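Asks: structure for this input, please:
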Amino acid sequence: MSITTVPSPSVAVSVTADDAEPREPKQSTYVIAAVIITSLLFFFGLGGALLLFTGEVPLAVGVALFTAFWGGPGFGLMAGMALYDLRVHRG
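Replies: Have a look, this model is predicted:
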């Protein structure tokens with residue numbers, strides 16, 4: 001004697017296209033976050049170090065603004081793309 005069972009519609013689980021494939025991370029999110037973070041790190045890190053060692057506020061703020069403006073976005077773009085590439089290749 002064999003018993004056949006049929007699952008009820010409420011138990012059935014549907015698989016959509018979103019569940020089948022993992023979503024790819026957004027490239028712009030990584031780049032924008034990395035640019036902002038590195039600019040702030042350059043500004044506060046270098047500005048704080050110069051203020052601590054020289055005691056001159058205009059020098060510390062000027063050099064910190066210069067490096068945050070020129071170095072922050074460049075390094076942030078490189079770091080953001082490296083993190084994005086690492087995330088995509090590791091899955």
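
Asks: now do the contacts for the closest residue to residue 80 other than its chain neighbours.
Replies: Using C-beta to C-beta, 6 or more residues apart in numbering and skipping the chain neighbours, the partner closest in space to residue 80 is residue 34 (3.2 Å). C-beta coordinates here come from the backbone N, C-alpha and C atoms, glycine included. Counting by C-beta atoms under 8 Å, 6 or more residues apart in numbering, residue 34 touches 76-77, 79-80, 83.

Asks: repeat for residue 84
Replies: Residue 84 makes contacts with 25, 27, 30-31, as judged by C-beta under 8 Å, 6+ apart.

Asks: lowest-confidence one in the residues you listed?
Replies: Here the lowest pLDDT out of these sits on residue 25, with 74.

Asks: my guess is that one meets residue 87, correct?
Replies: Yes - between residue 25 and residue 87 there is a contact under C-beta atoms under 8 Å: 5.3 Å.

Asks: can you say which of the contacts of residue 84 are buried?
Replies: Buried subset of those (neighbour count, 16 or more other C-beta atoms under 10 Å): 30-31.

Asks: I'd like the contacts of residue 84 as TSV, with distance to residue 48 and secondary structure appended.
Replies: What follows is the contacts of residue 84, written out as TSV (distance: C-beta to C-beta, whole Å; DSSP: H, G, I helix; E, B strand; the rest coil):
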residue	distance to residue 48	secondary structure
25	32	coil
27	31	helix
30	26	helix
31	26	helix
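
Asks: can you redo the contacts of residue 84 as JSON lines with distance to residue 56?
Replies: As requested, the contacts of residue 84 are exported to JSON lines (distance: C-beta to C-beta, whole Å):
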{"residue": "25", "distance to residue 56": "43"}
{"residue": "27", "distance to residue 56": "40"}
{"residue": "30", "distance to residue 56": "36"}
{"residue": "31", "distance to residue 56": "34"}
